[in-house]
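In: can you look at this prediction? I've put the sequence above it.
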Amino acid sequence: MRSAAASAPISWGRPRPDLQQQQQQQQQQQQQQQQQQQQRQQEREGGCGREERGNGSLLAAATAAGTAAAETAAAAAAAAAAAAAAAAAAAAAAAAAAAAAAELGLF
């Protein structure tokens, strides 16, 4: 009697729908984060054409630019971590498929 794993077809080379969905969600999250950062930066810089006054405005603009750069770096690090997690999940799935194939004597 064959187990469910033995009767399931092995799909080498085809992307897994769940991983594709996860990657799409990550991309959407990254886009949302970038849009939010742009909105925050525009709000900090004065947004709708308000005149900046005095030297304090230059300091505020420089601070806002530095903060935006730090937020962008943090978002990039989060995206890299998410990509690494997706790659690890794909590697684990491939290892499990290879182990199942070896157990069935397909190699």
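Out: Structure received.

In: Q39 and E71: what is the separation?
Out: 11 Å (CB to CB, to the nearest Å). Yep, even glycine has a C-beta here, placed from its N, CA and C like the rest.

In: looking at the two, which one has more neighbours?
Out: E71 (16 against 11; other CB atoms under 10 Å).

In: pLDDT wise, what is that one at?
Out: pLDDT for E71: 86.

In: show me what contacts it?
Out: With contact taken as CB atoms under 8 Å, 6 or more residues apart in numbering, E71 is in contact with 37, 40.

In: residue ranges of the helices in the chain, please?
Out: Per DSSP state H, the chain has helices spanning 4-7, 17-45, 54-104. These are given in chain order.

In: tell me the pLDDT at Q30?
Out: The confidence metric pLDDT takes the value 79 at Q30.

In: who are the neighbours in contact with it?
Out: Counting by CB under 8 Å, 6+ apart, Q30 touches 75, 79.

In: the bottom helix or strand of this structure by mean pLDDT?
Out: Averaged element by element with mean pLDDT, DSSP states H and E, the chain has its least confident helix or strand at helix 4-7 (a mean of 51).

In: next, count neighbours for A98.
Out: Neighbouring residues of A98 were enumerated by other CB under 10 Å; the total is 14.
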